[in-house]
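Novice: predicted model follows, preceded by the sequence.
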Amino acid sequence: MPISKSVYTIFSRHLSSLPKLPRIPFKYKQRAIEEAQQAVTDYLHYTKSIPFAYADHISRNSLYNLFNLISNVGVPYKTSNFSKSIVRFLRYHPINEFEFFFESIGIHYSEVSKFLPANKFFFSEDGSVFSAACALSGFGFPWNMLGRLYKEEVLIFSKSYEEITSRLCGFKNDYGFSNVTVIGVCFAFPHVLLVEDDELFDDLKRVFVDFDLVSCAEGYVDSWYEICRKIRLFYDLGCEKGTLGELVGENKRIFVDYSEEVLAQKVEFFCRFGVRNVDVALLLLKCPEILSFDLETRVISVEGLFRHFGLSAKETKSISEKYPYILGRNKLANLPHVMRAANLQDWFIDKIRNGNHQLLGNYALSNSDEDFDQEFRDGLERIQSSKLRLHTMKKLTFLHGIGYGENAFTMKTLAHLHGTSSELQERFDCLLHCGIEFSKVCRMIRLTPKVMNQSPETIEQKVNFLCQDMGASLDYLDMFPTFLCFDLEYRIKPRYRFHMWLTDKGLSTINYSIASMVATSEKSFITRIHGIHPAAPKLWFESFLCKRTSNNC
């Protein structure tokens with residue numbers, strides 16, 4: 001029997017990772033595999049009494065184990081007796097049937113060891129897994145895809161042949177689904193083979209039968225599995241089961257015409273606005289035209305887009321004055337963060353939801369000079385001619401990615417940023433994780449770029465000390481972002497604690513601001529505490545500053 005096309009493809013693609021067969025010339029390897037497969041099939045069928053169809057599935061979908069077997073036999077390839085050598089070897093060296101089985105159902109060879117039952121080698125010792133696979137395969141599930149079910153819901157394979165068959169036939173009879181439709185549903189929602197999920201099936205019946213999605217889909221397992229995966233995406237985004245049937249049915253072409261990749265890209269794009277996942281899901285279902293929009297490669301003028309979406313000249317001017325760093329051109333792919341950088345994400349999403357989504361699709365630059373910034377272009381040319389152009393361009397890409405446009409402010413900010421683009425992203429994410437709003441982080445970077453030149457751990461420690469020890473809110477960073485640039489251990493903590501000590505002892509009656517405590521120069525600081533009490537400088541040097549010196553040492 002000739003080697004299957006799928007197995008030969010795997011053989012060709014993964015040859016470098018398969019065990020070596022030094023005794024078999026390359027031109028004979030394909031034939032050697034075919035003969036070994038046939039020998040294993042015959043061994044499983046005639047010696048181990050496994051039905052021929054399943055024995056054949058196991059042998060032809062276990063290429064790694066097959067190579068190991070050939071390698072262990074260790075005889076030179078001769079057309080006259082190679083098959084007999086395999087048969088003779090199997091007679092005295094039985095294979096681990098579970099190893100072959102788990103690889104054959106689609107679990108990668110490197111993962112198989114995690115699923116092997118302890119101290120069991122033959123199906124006769126524990127046939128439940130094999131019996132469940134036979135029930136699924138008998139219904140029409142592709143044998144080499146069963147591993148997906150096993151890895152997601154292992155308890156399926158503890159069910160009896162009769163339980164699985166009865167449940168699968170129930171799906172057909174109760175909901176009017178075909179075999180391939182049931183298989184697609186089970187692959188996408190494996191839990192239905194274990195527990196009742198009437199609300200899910202009500203949705204699916206509404207879509208597949210009532211809205212006749214069946215007539216739009218190809219009658220193959222792969223196509224139905226893909227359709228069901230797309231539907232599952234909307235549940236994973238938070239849509240409630242039992243409520244989606246009509247909405248999905250009315251927009252059934254989404255699940256036929258668009259790939260999972262396109263759906264995932266659009267979901268990721270709108271999730272970056274910071275809105276709830278479920279709102280993104282409902283937006284795409286209610287405005288399916290969005291899926292055809294190019295949201296990646298187009299270039300936008302930020303002010304031009306504002307005008308396009310109906311902002312007045314006065315409103316645009318107000319935004320430009322408050323958030324000048326977003327102005328200029330940018331990629332449409334960065335639009336979510338442009339809006340968040342100006343705290344306009346809710347306004348924009350409301351516009352899209354309220355029937356204005358077509359504005360996003362038909363926007364275009366009015367002319368080639370729109371929002372052209374010469375100062376930015378001059379800076380870009382200097383970067384392109386520098387030795388560190390790749391490194392600097394990645395940092396510039398980071399700034400565009402958080403909403404900064406092609407303008408002079410972006411170039412000035414870029415000059416003060418140190419570190420790789422990935423490090424800058426980690427620091428930015430850390431500030432967001434601390435609870436600072438996106439637009440406020442962007443503004444902090446504009447006012448004090450050196451905030452971004454510290455490790456995430458350092459940033460987090462300073463924010464925690466500000467809020468927990470000093471009792472300030474995160475809003476204080478709007479007024480004094482430079483706070484995050486001062487040394488925590490050798491500047492912020494000792495000065496704050498010394499002022500608190502002076503206040504507790506009744507020596508100071510003035511409630512100094514955090515900025516006054518931290519940002520004052522050393523000379524002015526000493527002058528101030530001397531004015532509070534003549535002995536204060538001596539105490540500062542001996543009891544507070546000395547600790548800093550010893551720590552440094």
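Specialist: Great, that's in hand. Computed from a predicted structure; not experimentally measured.

Novice: what sits up against stretch 391-409?
Specialist: 302, 324-331, 334, 337-342, 371, 373, 375-377, 379-380, 383, 386, 410, 413-414, 417, 419-421, 424-425, 428, 441-442, 445-446 (CB atoms under 8 Å, 6 or more residues apart in numbering). Yep, even glycine has a C-beta here, placed from its N, CA and C like the rest.

Novice: so which of those sit within strands?
Specialist: Members of the contacts of stretch 391-409 lying in strands (criterion: DSSP state E): 329-331.

Novice: scan those residues and report the most crowded one.
Specialist: Counting neighbours by other CB atoms under 10 Å, Asn330 leads the ones in strands among the contacts of stretch 391-409 with 26 neighbours.

Novice: circling back to that earlier point, buried ones among the contacts of stretch 391-409?
Specialist: 302, 325-331, 334, 337-342, 371, 373, 376, 379-380, 383, 410, 413-414, 417, 419, 421, 424, 428, 441-442, 445-446 (16 or more other CB atoms under 10 Å).

Novice: the chain: strands as residue ranges?
Specialist: Using DSSP E, the strands found in the chain span residues 299-301, 329-331.

Novice: so which of the ones you listed comes closest to Leu66?
Specialist: strand 329-331 (49.1 Å; CB to CB).

Novice: what's that closest one packed up against?
Specialist: strand 299-301 (3 or more CB pairs under 8 Å, 6 or more residues apart in numbering; DSSP states H and E).

Novice: what distance separates the strand it packs on from the centre of its chain?
Specialist: Computed by CA atoms, centre = their mean, to the nearest Å, the chain-centroid distance of strand 299-301 equals 27 Å.

Novice: quick one: strands adjacent to it?
Specialist: Sheet partners assigned to strand 299-301 using DSSP bridges are listed as strand 329-331 (antiparallel).

Novice: now the helices for the stretch 401-550 of the chain?
Specialist: Counting by DSSP state H, counting those that start in this stretch, the stretch 401-550 of the chain has helices at residues 408-414, 421-433, 438-447, 456-464, 476-479, 493-504, 514-519, 522-532, 536-539, 546-552.

Novice: of all those helices, which lies closest to Val129?
Specialist: So among the helices of the stretch 401-550 of the chain, helix 421-433 is nearest, using CB to CB, at 42.9 Å.

Novice: for the closest one, which helices and strands make contact with it?
Specialist: Counting contacts by 3+ CB pairs under 8 Å, 6+ apart, helix 421-433 is packed against helix 389-401, helix 438-447, helix 456-464.

Novice: include distance to Pro25 when you put those helices into a markdown table, please.
Specialist: A markdown table is the format used below for the helices and strands packed on helix 421-433 (distance: least, CB to CB, whole Å):
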| stretch | distance to Pro25 |
| --- | --- |
| helix 389-401 | 46 |
| helix 438-447 | 63 |
| helix 456-464 | 56 |
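
Novice: these: which one's closest to Leu63?
Specialist: Of the helices and strands packed on helix 421-433, nearest to Leu63 by CB to CB is helix 389-401, at 40.9 Å.

Novice: state the mean pLDDT of the closest one.
Specialist: For helix 389-401, mean pLDDT rounds to 97.

Novice: starting at the chain centroid, how far to it?
Specialist: 22 Å.

Novice: could I get the CA-only coordinates of that helix as PDB?
Specialist: Taking Å, rounded to 0.1, in the frame of the first residue of the first chain, the C-alpha atoms of helix 389-401 are listed here in PDB:
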ATOM      1  CA  ARG A 389      19.100  54.000  12.900                       C
ATOM      2  CA  LEU A 390      17.600  50.600  13.400                       C
ATOM      3  CA  HIS A 391      17.600  50.900  17.200                       C
ATOM      4  CA  THR A 392      16.300  54.500  17.000                       C
ATOM      5  CA  MET A 393      13.600  53.600  14.400                       C
ATOM      6  CA  LYS A 394      12.300  50.900  16.700                       C
ATOM      7  CA  LYS A 395      12.000  53.400  19.500                       C
ATOM      8  CA  LEU A 396      10.200  55.800  17.200                       C
ATOM      9  CA  THR A 397       7.800  52.900  16.200                       C
ATOM     10  CA  PHE A 398       7.100  52.500  19.900                       C
ATOM     11  CA  LEU A 399       6.200  56.100  20.300                       C
ATOM     12  CA  HIS A 400       3.900  56.000  17.200                       C
ATOM     13  CA  GLY A 401       2.400  52.800  18.700                       C
END
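
Novice: so which bits of it are buried?
Specialist: Buried positions in helix 389-401, judged by neighbour count with 16+ other CB under 10 Å: 392-393, 395-396, 398-401.

Novice: from Met393, how far out is Ser385?
Specialist: According to CB to CB, to the nearest Å, Ser385 and Met393 sit 12 Å apart.

Novice: now swap in Tyr512 and tell me
Specialist: Tyr512 sits 44 Å away from Met393, taking CB to CB as the criterion.

Novice: what about stretch 528-538, how long is it end to end?
Specialist: Using CA to CA, to the nearest Å, the span of stretch 528-538 from its first residue to its last is 13 Å.

Novice: what's that stretch in contact with?
Specialist: Under the contact criterion CB under 8 Å, 6+ apart, stretch 528-538 has outside partners 498, 502, 507-508, 520, 526, 540.

Novice: among those, which two are most distant?
Specialist: Leu507 and Thr520 (17.6 Å).

Novice: give the contact list for Pro117.
Specialist: 98, 125-126.

Novice: swap the cut-off to 6 Å and go again
Specialist: Contacts for Pro117 (CB atoms under 6 Å, 6 or more residues apart in numbering) come out as Asp126.

Novice: before we move on, what about Gly106?
Specialist: The contact partners of Gly106, taken as CB under 6 Å, 6+ apart, are 144-145, 147.

Novice: restricted to buried residues, select those in PyMOL.
Specialist: Typed into PyMOL, the line below selects the buried ones among the contacts of Gly106, using 16+ other CB under 10 Å:
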select buried, resi 144+145+147
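
Novice: and the contacts of Gly106, which of them are in helices?
Specialist: The helices, defined by DSSP state H, take in Gly147 from those.

Novice: tell me the one among the contacts of Gly106 nearest to Leu263.
Specialist: Checking the contacts of Gly106 against Leu263 by CB to CB gives Met145 as the nearest, at 21.5 Å.

Novice: so what pLDDT did the closest one get?
Specialist: pLDDT, read off for Met145, is 97.

Novice: how much space separates the nearest residue to it once chain neighbours are set aside from Glu97?
Specialist: Among residues not flanking Met145 along the chain, Gly106 sits closest, at 5.4 Å (CB to CB, 6 or more residues apart in numbering). The gap separating Gly106 from Glu97 is 17 Å, by CB to CB.

Novice: for the protein, which residues score under the pLDDT cut-off?
Specialist: 1-22, 77-80, 545-553 (pLDDT under 70).

Novice: most centrally placed residue in it?
Specialist: What sits nearest the mean C-alpha location of the chain, by CA atoms, centre = their mean, is Glu268, with 9.1 Å.
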